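J.: with the sequence up front, the predicted model follows.
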Amino acid sequence: MYGWAVMSHSGLHVLRPPGAAPDAAARDHLSPPRLLFVEDDSAIRESLGEALQEDGFEVVAAANGREALEHLRNGARPSAILLDLMMPVMDGWDFRRAQLDDPSLRDIPVVVVSASGFSPETIRTQFGDVELIPKPVPYLELLEALGRLRSGGVRGR
């Protein structure tokens, strides 16, 4: 059973299966993996970011693709990028194109986290070999995808 990020009247919450605790293995590394989370919805960005921090990740957030590119070009390099597709200013499609066009950024792994409704085939045609996670976010599936990226395992579920 997977955990889910759900919206309630009091905000967005990550639900884990009964007895599931934050991933202790993610906290055992000397330096936490850094994630760039590109998401325009502040409730999702904040709550999912907090949950990922509880599970041992360092999370840097950006509200759109342009802000994310600024982080990438001026900040510390992330281990992976969590990318929404539908955003104002610069959407995920344009961000990914700019990322792939930049030799210093193109090899950073991407996990597309979106409720866009596009088929996995359409996304992979445009984005390449990326992990795909639907919204609402099945949280444990997201952790598994990030684990595959960290271990260099096969992507593109």
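T.: Structure received. Residues are numbered from 1 along each chain as shown.
J.: so where do the helices sit in the protein?
T.: Assigned by DSSP state H, the helices in the chain fall at 24-27, 42-54, 65-74, 92-101, 120-127, 139-151.
J.: tell me how far Leu87 lies from Ser116.
T.: Wrong residue type there; residue 87 is Met, not Leu. Applying CB to CB, to the nearest Å, the value for Met87 to Ser116 is 11 Å. Quick note: C-beta positions are derived from backbone N, CA and C, even for glycine.
J.: so for the two, which sits in the more crowded spot?
T.: The residue with more neighbours, out of Met87 and Ser116 and counting by other CB atoms under 10 Å, is Met87; that gives 24 against 16.
J.: check that one and give its pLDDT.
T.: Confidence at Met87, expressed as pLDDT, is 95.
J.: burial count for the spatially closest residue to it that is not a sequence neighbour?
T.: Spatial nearest neighbour of Met87, chain neighbours left out: Asp40 (4.1 Å); criterion: CB to CB, 6 or more residues apart in numbering. Neighbourhood size, Asp40 [other CB under 10 Å]: 18.
J.: please report phi then psi for Asp40.
T.: Dihedral pair for Asp40: phi -80, psi -20, per degrees, to the nearest 10.
J.: wait, it sits on Gly65?
T.: No - with contacts counted by CB atoms under 8 Å, Asp40 stays clear of Gly65, the gap being 9.5 Å.
J.: which neighbours do the two have in common?
T.: Met87 (CB atoms under 8 Å, 6 or more residues apart in numbering).
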